[in-house]
Structures are given as structure tokens and as C-alpha cells.
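Chemist: I'd like to go over a predicted model; first the sequence, then the structure.
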Amino acid sequence: MAEEIKNTAVEEQDLNEILRIRREKLAALCEAGENPYEVTKFERTHVATEVLNNYEALEGQEVCMAGRLMSRRIMGKAAFAHVMDGSGQIQMYLKADELGEGFIKFKEYDIGDIVGFTGKVFKTRTGETSVHLTSLSLLSKSLLPLPEKFHGLKDPDLRYRQRYVDLIVNPEVKKAFLTRSKIIQEIRSFLDAEGFMEVETPVLNTISGGASARPFITKHNALDLEMYLRIALELPLKRLIVGGFEKVYEIGRVFRNEGMDVRHNPEFTLMELYQAYTDYEGMMDIVERLYRHVVEKVLGTTTVVYQGKELDFGSPFARITMQDAVKQYLGIDFAETDVEVLKPQLKALGIEFEETDSWGRLLYAAFDQKIEPFLVQPTFVYGYPVEVSPLAKKNKEDKRLTDRFEFFVCSAEMGNAYSELNDPLDQKERFLEQVKAKAAGDEEASMMDEDYINALSYAMPPTGGLGIGIDRMVMLLTDQASIRDVILFPTMKPIKK
């Protein structure tokens with residue numbers, strides 16, 4: 001421990017010295033009338049990848065480029081350096097007798113500085129495409145050093161807190177977020193081609209609803225009104241179905257005041273869509289086609305390898321009822337409806353439940369606590385109990401169940417859908433049950449939404465609805481084990497000073 005404290009003290013001393021030197025360099029530049037922060041514009045003709053991918057056309061041509069100085073090697077009166085821009089990295093070649101004063105200034109630059117340069121495209125003797133400089137200027141000064149090359153920025157906590165540094169020094173991180181952007185583009189492309197209209201709905205609401213989750217509470221000062229950050233997109237979108245839009249979707253941030261782990265962040269991105277005149281089976285078809293489209297467009301294949309597991313998105317997805325899944329993997333047959341017979345079987349497997357729980361809640365407890373590890377390949381699980389599905393339509397054959405499914409991949413829930421409940425009387429009764437649950441202490445229970453009941457009273461057509469967690473989809477397609485690795489700025493606990 002003493003050695004660790006000593007090393008930390010040395011690192012802090014070294015950093016303080018670096019900061020002092022860099023600030024002195026900045027002061028000298030300002031005194032000479034060359035304050036880099038006063039530069040307002042730099043016209044570029046090319047970015048790194050354009051030059052690297054079009055060498056034959058650009059050989060010998062003059063280019064004007066800019067980026068961050070990432071490395072340099074000074075060899076007497078010549079030097080090589082690498083500069084990184086938003087597209088990639090390219091090498092500069094400088095000669096003292098050609099740049100004159102510019103070469104002297106370059107030797108005072110620091111790794112991390114932003115530079116602009118002009119020169120001619122050529123290849124070195126080792127075959128590396130480079131730019132032979134004719135001019136060089138400092139566009140912005142880096143007062144803090146980048147992480148040391150061989151160790152980089154590895155501490156996950158620091159990476160998430162200082163994502164800007166993480167993106168600079170870890171190229172694979174930038175690649176993951178570029179892939180995220182492409183995934184969202186392909187989702188939109190697929191849904192637009194299917195005739196869906198993208199809309200926007202309120203983030204601030206006077207009622208928390210649309211999912212079972214604890215909301216974030218805020219206050220509107222001018223109205224002296226308590227408000228909630230949305231926990232779902234559902235209820236406003238279904239109001240639009242009532243209003244006559246037959247295919248709508250939204251991709252947006254939702255907020256749930258819950259714990260954090262590798263699959264949960266308090267704010268995350270959700271895609272919800274609603275289509276009139278279809279049901280939950282129609283939603284299964286959309287999920288299967290949507291995932292297959294996105295996987296193929298983004299990865300160029302229908303096979304995904306996630307955390308060492310090979311997943312097949314090219315074949316039809318498995319479909320199984322919740323009761324059959326519990327029977328298949330746990331050996332408990334919920335065709336037996338006597339809860340007093342079922343409870344000992346659940347206890348024997350270590351499944352937790354309340355003694356007052358109904359048949360439906362016992363079924364869900366068994367599934368929720370034990371089955372997910374078995375659901376590796378893309379799988380639809382349907383036939384959810386009414387008690388845990390307050391917005392889904394009841395199944396015609398078994399009124400204890402709803403026409404709802406969840407979509408699982410690699411033991412994680414990736415989406416949720418149902419035949420939407422459009423009976424205003426039934427919906428009101430279910431809201432009342434949720435209100436009772438909230439009064440009894442369930443902080444995740446829904447609130448009564450009288451306006452939504454009013455909307456349903458104008459008649460909503462038979463409708464299928466779907467929600468897909470975008471962050472988990474990105475985790476899957478970028479092979480990331482933690483949701484924090486696919487959210488640019490994940491929620492972090494402040495560091496106490």
C-alpha cells in the first residue's frame with residue numbers, strides 16, 4: 001500500500017510538471033501574438049480516409065488537412081508525426097530546411113495539440129501514405145496530456161467519466177458508437193420502408209405510465225406542478241392510433257429510477273411502434289424481419305457472435321409459451337391450477353414469491369427467476385399473465401393470460417410486445433388494480449390515466465404494439481458486455497472531492 005501511495009504521488013508530481021510546462025508554452029504563444037484559441041476557422045480539402053483510400057488519384061497533389069497530433073518522431077532536421085481526424089489517422093513528414101520557423105515551432109508542440117497542415121501526398125519507403133508538409137499551424141493547445149501510449153485509458157470508471165479522452169485514445173470505442181449510429185439509421189430505414197411514420201411525444205408528463213417502473217419526479221415551477229420523466233413511449237403513441245395514424249414509431253430517451261448494472265442505465269434509448277389492424281403475432285413478424293435486416297445491413301451476415309456465443313438470425317426465431325418454457329426447463333406444469341400444489345414445487349427450486357400470490361404471479365415468478373439463462377438463440381416467449389401485463393389484451397382461450405410476448409437473445413430480454421388492450425372499461429379496471437398496488441407500496445405500479453381511458457372511449461382499432469431496447473441491440477451487435485460501453489455518457493455517481 002505504501003508503494004502504491006508513493007507511485008500515485010510521483011504521478012501527480014509528474015502531471016503538475018507537465019501542466020506547468022504546457023501553460024508556459026501557451027503563455028509564450030500568447031505573448032508572441034499567436035494565441036491558438038483565437039483561431040476561428042480552418043478550411044480543409046480532405047480528411048484522412050479520403051487520402052488513404054484514394055492514393056493513386058491524389059499522389060503528388062496538394063491537400064489541406066487538420067487533426068490531433070497523436071505521435072511524433074524527430075530525427076535531427078526531419079520528423080514524422082501522426083495526426084488523427086474524425087475519419088482516421090495519417091502521417092505527416094516535415095523537413096527543417098523546407099518549413100523553417102514552422103519546424104522550430106513544431107518541436108514545441110505537444111501530443112494532443114490540434115494542428116492544421118498543407119502538403120503533397122506521397123508514400124514513404126515503407127509504403128505508408130503520408131503528406132509531405134509545406135505549411136503547419138497550431139489550431140488549439142492541449143493543456144492536459146493524453147494517456148501514455150502503451151497503457152492507454154483502461155480504467156472503466158475513468159473511461160466513462162471522460163468519454164472524450166476514451167474516444168481519442170481507444171479507436172475501438174469510436175467504432176462501437178459509429179456502429180450504434182448505423183444501427184439506428186437501419187432501424188429507421190426499415191420502418192420507413194414499411195410505411196411507419198416517426199413522431200415525437202412528450203418527455204415530461206403529469207402522469208407516469210406505460211410500463212412498470214419507478215419514475216424520476218421533477219417540478220414545473222411556473223405551474224407549481226409535480227411532473228414525471230417518461231418511463232415509456234406507449235400511451236401517447238396509442239393516442240395517435242386513436243387519432244387515425246395507423247403506423248407510428250418513436251426512438252427516444254426514457255428514464256427509470258432504478259438500479260444500475262451491466263444491462264440497466266437510468267436513462268436509455270427505446271424504440272416503440274404501433275400498427276393498427278394487427279396483433280402480437282404481427283409484431284413477432286416485424287421483430288424478426290427488423291432484426292434480420294439490421295444485422296445483415298450492419299454486419300454483412302445473419303450470424304452474430306456475442307461474448308463467444310454464435311447466434312443465428314437467419315433462421316426462423318423460436319416461439320414458446322411461458323407455461324411451456326417453465327415446464328420444459330423446470331419440470332413444473334402450470335396446467336395444475338391449484339396454487340397450494342404449485343408453491344412447494346417453486347420453493348424446492350428456490351423461487352421467491354409472496355404467499356398471497358395468484359396463479360399468474362407464481363407463473364411469472366418461476367419464469368422471471370429461472371428461465372432466462374436457457375434462452376440463448378432468438379426466442380419469443382408469449383402468454384404472459386394478466387397481473388404483469390396491464391396494457392395487453394386478454395387471450396381469448398385463457399383469460400388469465402394476455403396476448404403478449406417478450407423477445408430474448410443470449411439470456412437477455414430485448415423487446416416487449418402485445419395485442420394492445422383497446423377496451424376502455426377493461427383498461428380502467430386494470431388501472432384501478434395498479435392504483436391499489438401503488439397504494440400498497442409498489443413504486444413501479446402505474447397511475448390512473450383518465451385521459452387515456454377517454455381516448456380509448458373514442459375507439460382504438462385492433463392494434464399491435466412493440467418496444468425494443470436500442471442499447472441492448474447495440475450491445476449485441478458490437479459485442480459489448482456492458483450497457484455503459486454503448487451509451488456515450490452513462491450515468492455516474494459524482495466523485496467526492
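Modeler: On my side now, so go ahead. It should be emphasised that the depicted structure is a prediction, and the values quoted were computed from it without experimental measurement.
Chemist: please count neighbours and contacts with C-alpha atoms only from this point.
Modeler: Will do.
Chemist: what kind of secondary structure is F245 in?
Modeler: Following DSSP: H, G, I helix; E, B strand; the rest coil, F245 is assigned to coil.
Chemist: distance of it from R239?
Modeler: 9 Å (CA to CA, to the nearest Å).
Chemist: now V242: closest residue in space, sequence neighbours ignored.
Modeler: M460 (4.8 Å; CA to CA, 6 or more residues apart in numbering).
Chemist: tell me the contacts of the one you found?
Modeler: M460 makes contact with 241-242, 422, according to CA atoms under 8 Å, 6 or more residues apart in numbering.
Chemist: now tabulate those in JSON lines and tack on secondary structure and distance to F117.
Modeler: Converted to JSON lines, these look like this (DSSP: H, G, I helix; E, B strand; the rest coil; distance: CA to CA, whole Å):
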{"residue": "I241", "secondary structure": "helix", "distance to F117": "55"}
{"residue": "V242", "secondary structure": "helix", "distance to F117": "59"}
{"residue": "N422", "secondary structure": "coil", "distance to F117": "64"}
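Chemist: what are the ranges of the helices in the stretch 351-497 of the chain?
Modeler: 359-370, 424-439, 450-456, 470-478 (DSSP state H, counting those that start in this stretch).
Chemist: just the ones you listed: most buried one?
Modeler: Among the helices of the stretch 351-497 of the chain, ranked by average contacts under mean count of other CA atoms under 10 Å, first place goes to helix 470-478 (a mean of 22).
Chemist: okay if I get the contacts of M460 as JSON lines plus pLDDT and neighbour count?
Modeler: Putting the contacts of M460 into JSON lines (pLDDT from 0 to 100; neighbours: other CA atoms under 10 Å) gives the following:
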{"residue": "I241", "pLDDT": "98", "neighbour count": "23"}
{"residue": "V242", "pLDDT": "98", "neighbour count": "20"}
{"residue": "N422", "pLDDT": "96", "neighbour count": "22"}
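Chemist: nearest to Y329 among the residues you listed?
Modeler: Minimum distance to Y329 across these is 34.0 Å, recorded for N422 (CA to CA).
Chemist: per-residue confidence for the nearest residue to E352 once chain neighbours are set aside?
Modeler: By the measure of CA to CA, 6+ apart, the closest residue to E352 outside its immediate chain neighbours is A365, 7.1 Å from it. Per-residue confidence (pLDDT) for A365: 97.
Chemist: my guess is A365 contacts L349. True?
Modeler: No - in this structure, A365 is not within contact of L349 by CA atoms under 8 Å, at 11.5 Å.
Chemist: looking at the chain, which helix or strand is least sure?
Modeler: Counting by mean pLDDT, DSSP states H and E, the weakest-scoring helix or strand in the chain turns out to be helix 2-31, with a mean of 74.
Chemist: and the next element down the chain from that one?
Modeler: helix 48-53 (DSSP states H and E).
Chemist: buried residues in that following helix?
Modeler: Neighbour counts using 16 or more other CA atoms under 10 Å place 48, 51-52 of helix 48-53 among the buried residues.
Chemist: how much space separates the residue lying farthest from the centre of the chain from I104?
Modeler: No residue in the chain sits farther from the centre than D97, which is 50.2 Å out by CA atoms, centre = their mean. According to CA to CA, D97 and I104 sit 10 Å apart.
Chemist: Three-state assignment for L167, please.
Modeler: Looking at L167 with three-state DSSP, the answer is helix.
Chemist: ok, it - contacts?
Modeler: By CA under 8 Å, 6+ apart, L167 lies in contact with 173-174.
Chemist: quick one: the strands in the stretch 151-300 of the chain?
Modeler: 197-198, 204-205, 217-220, 225-229, 247-255, 267-276 (DSSP state E, counting those that start in this stretch).
Chemist: adding mean neighbour count and distance to G415, write the ones you listed out as JSON lines.
Modeler: JSON lines is the format used below for those (neighbours: other CA atoms under 10 Å; distance: least, CA to CA, whole Å):
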{"stretch": "strand 197-198", "mean neighbour count": "16", "distance to G415": "19"}
{"stretch": "strand 204-205", "mean neighbour count": "16", "distance to G415": "23"}
{"stretch": "strand 217-220", "mean neighbour count": "14", "distance to G415": "26"}
{"stretch": "strand 225-229", "mean neighbour count": "17", "distance to G415": "21"}
{"stretch": "strand 247-255", "mean neighbour count": "21", "distance to G415": "14"}
{"stretch": "strand 267-276", "mean neighbour count": "22", "distance to G415": "9"}
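Chemist: tell me which of these approaches D357 most closely.
Modeler: Smallest distance to D357 across the strands of the stretch 151-300 of the chain (CA to CA): 28.8 Å, for strand 247-255.
Chemist: so what strands line up beside the closest one?
Modeler: Here strand 247-255 is paired, per DSSP bridges, with strand 197-198 (parallel), strand 267-276 (antiparallel).
Chemist: redo these as a markdown table? Include mean pLDDT.
Modeler: Output for the strands paired with strand 247-255, formatted as a markdown table (pLDDT from 0 to 100):
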| stretch | mean pLDDT |
| --- | --- |
| strand 197-198 | 98 |
| strand 267-276 | 98 |
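Chemist: run through this protein and note the low-pLDDT ranges.
Modeler: Applying pLDDT under 70 to the chain flags the ranges 1-13, 149-153.
Chemist: what is the distance between stretch 276-288 and the centre of its chain?
Modeler: In terms of CA atoms, centre = their mean, to the nearest Å, the centre of stretch 276-288 is set 24 Å apart from its chain centre.
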